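> Structure for the following, please:
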Amino acid sequence: MRFIMSFKAAVMAVLLLSAQSALAQLMNFEDLSQTEELAGVGDTYTAFGYTLFYAPAPGEPFPVGFHSVGPRWRFNTASTALFANSVNASTTLKRNDGRPFAMIAIDLAETNGGGASPVARVQFVGTTSSGATVTHAIELDNQTGFQRFFMPTAFRDVTVVQWLQGDNENNAIHMFDNLLLLSTRP
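Residues are numbered from 1 along each chain as shown. Got it, this is the predicted structure:
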């Protein structure tokens, strides 16, 4: 309950601080709910005016796209989530109209649970509306279950955000959920 209340408080703060024609959206993948543990989604996922794009690593012999992770997956302690289902695949987030947005927060979890080596590390790379590159690295806690991460202010005026899936040897794979996004310009 504390987790939900803190997230609601964060959403309210974002809405109050950005009341001037901005629109906050929570990309939570609940429309992908299924009865299976994992299900294929394809190379793109679109919701609320944003699109996530999957791209396999160069030379990937079996690119399979995004997969949804249902609550029946034993390492998913929450709702339906998403992951790029091949090692070193990239996930790219853009607003459909190409305008800038703010990436406020994201929930991340180890796809295959915690307690194993290696831990999951996720490097986010954004491009701002002025063309500058911004980065933010996150290391998960190696525990089963989602963690919420708030992005730094450098991600408040981006046109694209990209991150890579782990390689399963040096960097565990991860799933993501609850992307809190804010349109910064109508």
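
> Every contact and neighbour count from this point should use C-alpha atoms.
Noted.

> Poorly predicted segments of the chain, please.
1-22, 186 (pLDDT under 70).

> The same query, at a cut-off of 90, please.
1-23, 33-37, 62, 70-79, 111-119, 144, 167-172, 184-186 (pLDDT under 90).

> quick one, strands of it?
Remark: strands of the chain, listed N- to C-terminal, are 23-27, 38-42, 44-47, 50-55, 66-69, 81-84, 90-95, 101-110, 121-128, 133-139, 147-150, 158-164, 174-183; assignment by DSSP state E.

> Pick the most deeply packed of those.
Mean neighbour count (mean count of other C-alpha atoms under 10 Å) peaks for strand 81-84 among those, with a mean of 27.

> now that strand: how far from the chain's centre is it?
Distance, stretch centre to chain centre, for strand 81-84: 8 Å (C-alpha atoms, centre = their mean, to the nearest Å).

> what do you get for stretch 34-52?
Taking C-alpha atoms, centre = their mean, one finds the center of stretch 34-52 at 12 Å from the center of the full chain.

> And that stretch, end to end?
Across stretch 34-52, the terminal residues are separated by 20 Å (C-alpha to C-alpha, to the nearest Å).

> who touches that stretch?
Contacts with stretch 34-52, where a contact means C-alpha atoms under 8 Å, 6 or more residues apart in numbering, come from 25, 27, 53-55, 64-73, 91-97.

> State the distance from Thr111 to Pro100.
With distances taken as C-alpha to C-alpha, Thr111 is found 30 Å from Pro100.

> and what of Glu139?
Look at Glu139 and Pro100: by C-alpha to C-alpha, they are 26 Å apart.

> Run through the bridge partners of the spatially closest residue to Gln162 that is not a sequence neighbour.
Distance criterion C-alpha to C-alpha, 6 or more residues apart in numbering; nearest residue to Gln162, sequence neighbours excluded, is Thr92 at 4.3 Å. Here Thr92 sits in beta bridges with Phe53, Gln162, going by DSSP bridges.

> How about Gln123?
Ala137.

> Ok, the one 5 residues further on next?
With DSSP bridges as the criterion, Thr128 is bridged to Val158.

> Tell me if I'm right that it and Val134 touch.
Yes - using C-alpha atoms under 8 Å, Thr128 is in contact with Val134, at 7.3 Å.

> list the residues that contact both of these two?
Shared contacts of Thr128 and Val134, counting by C-alpha under 8 Å, 6+ apart, come down to Phe155.
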